[in-house]
Structures are given as structure tokens and as C-alpha cells.
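# predicted coordinates and the sequence they were generated for:
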Amino acid sequence: MILTHHDAWDFIYRFKEAWEKKLKEENISHFWVHGPLDYVDFGFFDFSHE
């Protein structure tokens, strides 16, 4: 499973059909969820200065 913040395959990259086909071929699912991921600390940013 690939978890992303946005369903960006179409509105940013414009290759949604090709991406969905490849995911299906590789038996990989995709789940996107915007709201909760706004508050997750993935360790990339230092929020202690905000």
C-alpha cells in the first residue's frame, strides 16, 4: 500500500490512468488522506520553532 497526502496522480502529474494500471499490475493499493497527515511528524521538519 502507498499512503499519500493527496491523490496527485491526475491533478498534478496528469498520468492517473497509467499510474493506476501500474499499481494494479504490481498488486499495490493506494490510499490518500489529507487531513490527518497534516499533523503527523514524519521527522522531516522541526516544528519546535513554531
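All right, it came through fine. Residues are numbered from 1 along each chain as shown.

# CA atoms for contacts and neighbours, from now on please.
Fine.

# for residue 5, which non-adjacent residue is closest in space?
residue 34 (4.9 Å; C-alpha to C-alpha, 6 or more residues apart in numbering).

# not counting the longest helix seen in the chain itself, show me its contacts.
Assignment by DSSP state H gives helix 16-25 as the longest helix of the chain. Contacts with helix 16-25, where a contact means C-alpha atoms under 8 Å, 6 or more residues apart in numbering, come from 9, 10, 29, 30.

# so the last one touches residue 2, yeah?
The one in question is residue 30. Yes. The criterion here is C-alpha atoms under 8 Å, and residue 30 meets it with residue 2 at 4.8 Å.

# worst-scoring helix or strand of the chain, pLDDT-wise?
Between all helices and strands in the chain, the lowest mean by mean pLDDT, DSSP states H and E belongs to helix 8-11, at a mean of 72.

# could you export the longest helix of the chain as CSV, CA atoms only?
Below are the C-alpha coordinates for helix 16-25, written out as CSV (Å, rounded to 0.1, in the frame of the first residue of the first chain):
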residue,chain,number,x,y,z
LYS,A,16,-3.7,8.9,-13.4
GLU,A,17,-4.7,6.0,-15.7
ALA,A,18,-1.1,4.9,-16.3
TRP,A,19,-0.4,5.0,-12.6
GLU,A,20,-3.5,3.1,-11.6
LYS,A,21,-2.7,0.5,-14.3
LYS,A,22,0.8,0.0,-12.9
LEU,A,23,-0.4,-0.2,-9.3
LYS,A,24,-2.9,-2.9,-10.3
GLU,A,25,-0.2,-4.9,-12.3
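
# re earlier: which other residues reach the least confident helix or strand of the chain?
15, 16, 19.

# so how far is it from its chain's centroid?
10 Å (C-alpha atoms, centre = their mean, to the nearest Å).

# and stretch 2-19, by the same measure?
That offset, for stretch 2-19, works out to 8 Å (C-alpha atoms, centre = their mean).

# compute the first-to-last residue distance for it.
Start-to-end span of stretch 2-19 (C-alpha to C-alpha, to the nearest Å) is 12 Å.

# swap in stretch 20-30?
Start-to-end, stretch 20-30 (C-alpha to C-alpha) is 9 Å.

# do you know how far residue 37 is from residue 31?
12 Å.

# I am finished for the moment; much appreciated.
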